[in-house]
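**Q** what's the 3D shape of this:
(chains A and B)
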Amino acid sequence: MILTRLLYRILAVFESHATHQNISLGVCLGLLLGLSSPSTLHFWIFLSLIFLIRLNLAAALFSYAVFSLINYLGNSAFVDFGTSLLTRQRLLGLWGSLYEMPIIPFTNFYSPDVLGKLCIALISVGPIYIISMKAAKILEPILYHWWRTTKLYTLYRSYKPYAR
Amino acid sequence: MLDKKNLFRVSGVLPLLGTVAVGLYCVGATYENSFKNWLEERSSLVYGAKVEIENLSVQLFQGNAVLNRIQITNPRFPLKNIFEIDKIKLQFSFKELIKRKLVISSMDIQGIRAGTQRVSSGVLEDSINNAESHPILWEKTDSGVYGDLRAQIKQGPLKYLSQITTGAYTPTKLPNLKKTLSSLKYLQEVNQAFEVSAREWNHQANLLPNPSQLDQWHTQITSWENSNRNLASAEESENRRKLALLLRERFNSIGQQLQTASKSLTRFKSQMDGINPLLAQDIEAVKKELSLPSSAEQDLSFSLFGLQVISLLEKMSFWSHSYRNYGQIVTSRPGLQLVRTTSNGTTKYHFLNSISHPSLSIKKITLADGSESHSDKKNLFKGEITDFNLFPHFYKTACNLNLEAKIPEAEIDGIKVNVRLANESGIPKEEFSLVIDSFPLDEATIRSTSDFDIKIAHATGRIQAKGTLHGDGMNATGRFETIGTKFSIKSQFQPFEEILDTLTKYRTTLLVDAKAQGDIDTVSLSIESEFGKQLAKGISETFNKQLAQIDDTLKTHILDSLFPLRQSFNEKVQDAENISLAQMRNTLNELELMMSYTRKYEPNSGKNKDRLSQGPNPNKTL
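**A** Now for the predicted structure:
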């Protein structure tokens, strides 16, 4: 019974905040997390946004999985991009100031892969938000319909009265 | 597009704060232990054997840390510690720490003990199964840059000696070396030149008047002799004159040919003697190729302690290179430098600023033994390291290390180490001096090869070394001496063991001087020791006879291999003498005989007589 209630709770969390904006925000957060390493400060800051922003957790998890894969596959490209940013003469002053700032160095920004991924993630947040909004509008009815036909959903609905 | 009203979740602030609070509490409660474990793990991995810390306490905001009872395993004897330190107190700057920089203003190392017993083995668990992937720090610093010098020190300098002296020597390599023998090449060249000349002589022999021609001339001359010369017609007289002139012409030309051929033959014969110095050369070359010892030269192959000295030089070069090149300068501008570092495959860029601290710097490390009393039997450690920091090329501060130690427990009466890492007008300079006085040596290997083992069974040793690395130049000298020395020697080769026995029987001291000079990458090394010289002399004297025998054996082998060519040459010379030259000589004799009758028919016979006497005299020449 406890397990069933727990499952219900989890499914309820996943089903909550299912507006298009929530889904898109979830995707964006998944992107930021997927392209960050847990050894960096900004990963934990992004993670804390789960508490502060209304977003769809299922979308965030799905997006996190996808962007983790991209992170793994495109590592060398991120490193190259990060290297080109770090070694750019015009930006030397900026990086030099950040290097001497308190707390900032804990983001590990002076590591080319971290900076490359972070910059790509931040640049692509906007476009990804817009794209995922549009995609959500198209896919949401289809996926919602499919979700309602699954056995898991039937189970979830049937156990709902006990899950208070 | 973004609905800001429904964007934030105020209800999530409390859970977040709660989670952060719980997280911080957990980190706060366990970070000392986690940091201790991390420190143990990292330092053990770098060092190659267990490094253990009993406990660690850190006061982040005050900038204090204390590490208690640090045990550093002796990698050779894992149940013993090489050192055990009672306490390390360090003070760091919290202000710099939040910039992710470790700036240590002072570090006190107290209560150092050497050779203490461990409760459990200090071998790293992973290294038991895979020792190669877990080398100890000492092995990691074997840079191997002086491979050329190492190659000179042969693992088995007496490679073939045992076989030779026991009579089991067979120069199996000789057939392969045949192609490189200079005597063989020389012989082939002489042979080829001779063949060209022999062909010429044969050709000339074929052009000689044939026997029927000679018979015809002979009959004609005899008939003229039997008839009255005054009754001969004018035509007949003209014929006689012509024949006389023809015979003279042929005689002169054949005489010239014979003279030239005879001279060439004599030269070819004398050229065969020229093979003797080449044979001696070939013997030396073959001996060198077969790694046979040469009595005259004394090189690094017999040098005692050669490998140890090279290993030390390699470590010096490694540390110097590592310190000088910690990070590659990517770009720089006044007051700021971008440096790239790579560690464990991860690249990082550091933005070095002249007015700020490097990411790791230690102002002062002080070593103190921590004990109140200073009796002679107590271990004594004192010293300090000042101004150590990463990126010395940028900060240009000179780092000094001065260390003095006395460890009566390990019978070491005194260690004195001074190191200075500096940067003089932009050129890195490292100076060091080391004195280890009176330390015990038990079963210490001097030289171990497949031919022999020389060990010091027991002795008291002393090491003095000092050197400078300035820019690309290295200048280092060192001396190792022992007193009360008892040697232990072993060789698979009885006569060699006898030499070593004789040399070490009444010897109680050993003195080795080493000097390394030159470019840091291609340093030249000389190692001198009286014992080493006597060893080489003993070897050369004892094996002189054997070497002479080897020379004879090799000479016989080389001569055997040259035999077919020499034989063929001699036969050709013989053939030339017996056939071509003999033919010329016979023809010449016959012509001379005929000319004695025809001389009177020649015009101005009185003058011709003189000319003939001035012409070639082949018989005389031959």
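**Q** biggest helix in chain A by residues?
**A** Longest helix in chain A by number of residues, with DSSP state H as the criterion: helix A:112-149.
**Q** can you pull the buried residues of that helix?
**A** Residues of helix A:112-149 classed as buried by neighbour count (16 or more other CB atoms under 10 Å in any protein chain shown): A:112-121, A:124-125, A:128-129, A:132-133, A:136. Any C-beta I mention is one placed from the backbone N, CA and C, and that applies to glycine too.
**Q** Contact residues of chain A facing chain B?
**A** A:19, A:21, A:25, A:48, A:50-54, A:79, A:83, A:86-87, A:89, A:92-93, A:95-96, A:99-103, A:105-106, A:110-112, A:129-130, A:133 (CB under 8 Å from any CB of the partner chain).
**Q** For B:I385, give me its contacts.
**A** Under the criterion of CB atoms under 8 Å, 6 or more residues apart in numbering or on different chains, the neighbours of B:I385 are B:362, B:364-365, B:399-402.
**Q** end to end, how far does stretch B:88-97 reach?
**A** Terminal residues of stretch B:88-97 lie 19 Å apart, using CA to CA, to the nearest Å.
**Q** Kindly report the same for stretch B:322-342.
**A** Note: stretch B:322-342 ends 12 Å apart using CA to CA.
**Q** Are it and chain A in contact anywhere?
**A** Yes. Judged by CB under 8 Å from any CB, stretch B:322-342 and chain A are in contact via B:330-331, B:333, B:336, B:338.
**Q** just how off-centre is the longest helix along chain B within its chain?
**A** In terms of residue count, the longest helix belonging to chain B (DSSP H) is helix B:530-575. Its chain's C-alpha centre and that of helix B:530-575 lie 27 Å apart, by CA atoms, centre = their mean, to the nearest Å.
**Q** Then stretch B:35-54?
**A** With CA atoms, centre = their mean, you get 38 Å for stretch B:35-54.
**Q** List the buried residues for it?
**A** B:36, B:40, B:43-44, B:47-53.
**Q** mind listing what residue 61 touches?
**A** Looking at chain A here, since you left the chain open. A:26, A:30.
**Q** not quite, I wanted chain B
**A** B:F94.
**Q** what residue ranges in chain B are flagged as low confidence?
**A** Judged by pLDDT under 70, chain B has its weakly predicted residues at B:1-2, B:127-135, B:143, B:158-179, B:228-232, B:286-299, B:369-377, B:539-547, B:549-550, B:603-622.
**Q** Strand partners (parallel or antiparallel) of the longest strand along it?
**A** Counting residues, the longest strand in chain B under DSSP state E turns out to be strand B:427-448. If you go by DSSP bridges, strand B:427-448 pairs up with strand B:412-424 (antiparallel), strand B:452-470 (antiparallel).
**Q** By mean pLDDT, flag the weakest helix or strand of chain A.
**A** Between all helices and strands in chain A, the lowest mean by mean pLDDT, DSSP states H and E belongs to helix A:2-15, at a mean of 61.
**Q** Find the residue closest to B:F381 in space, skipping its chain neighbours.
**A** Excluding the flanking residues, the one nearest B:F381 by CB to CB, 6 or more residues apart in numbering or on different chains is B:I112, at 4.4 Å.
**Q** Wait, a strand at that neighbour?
**A** Yes. Counting by DSSP: H, G, I helix; E, B strand; the rest coil, B:I112 falls inside a strand.
**Q** hey, what's it bridged with?
**A** Applying DSSP bridges, one finds that B:I112 bridges with B:I85.
**Q** Identify whichever of the strands paired with strand B:427-448 lies nearest to B:W201.
**A** strand B:452-470 (60.4 Å; CB to CB).
**Q** Pull out the buried positions in the closest one.
**A** Applying 16+ other CB under 10 Å to strand B:452-470 flags B:452-456, B:458-465, B:467, B:469 as buried.
**Q** starting at the chain centroid, how far to that strand?
**A** Counting by CA atoms, centre = their mean, strand B:452-470 comes out at 21 Å from the chain centroid.
**Q** So what angle separates the directions of that strand and helix B:530-575?
**A** Strand B:452-470 and helix B:530-575 are oriented at 100 degrees to each other (axes from the mean of the first three to the mean of the last three CA atoms, to 10 degrees).
**Q** Tell me the helix or strand right after strand B:452-470.
**A** Downstream of strand B:452-470, the first helix or strand assigned by DSSP states H and E is strand B:473-491.
**Q** Following the chain onward from that next one, which element is next?
**A** Taking DSSP H and E, what comes next after strand B:473-491 is helix B:494-505.
**Q** List the buried residues in that following helix.
**A** B:495-496, B:499-500, B:503-504.
**Q** With stretch B:559-574 instead?
**A** For stretch B:559-574, the neighbour count (16+ other CB under 10 Å) marks B:561-562, B:569, B:572-573 as buried.
**Q** cool, stretch B:301-321 as well?
**A** Those would be B:301-314, B:316-320, for stretch B:301-321 by 16+ other CB under 10 Å.
**Q** Filter these down to the ones in helices?
**A** Those of the buried residues of stretch B:301-321 lying in helices (DSSP H): B:306-314, B:316-320.
**Q** Can you tell me, leaving aside adjacent residues, what's nearest to B:N191?
**A** In this structure, B:N191 finds its nearest non-sequential neighbour in B:F569, 5.4 Å apart by CB to CB, 6+ apart.
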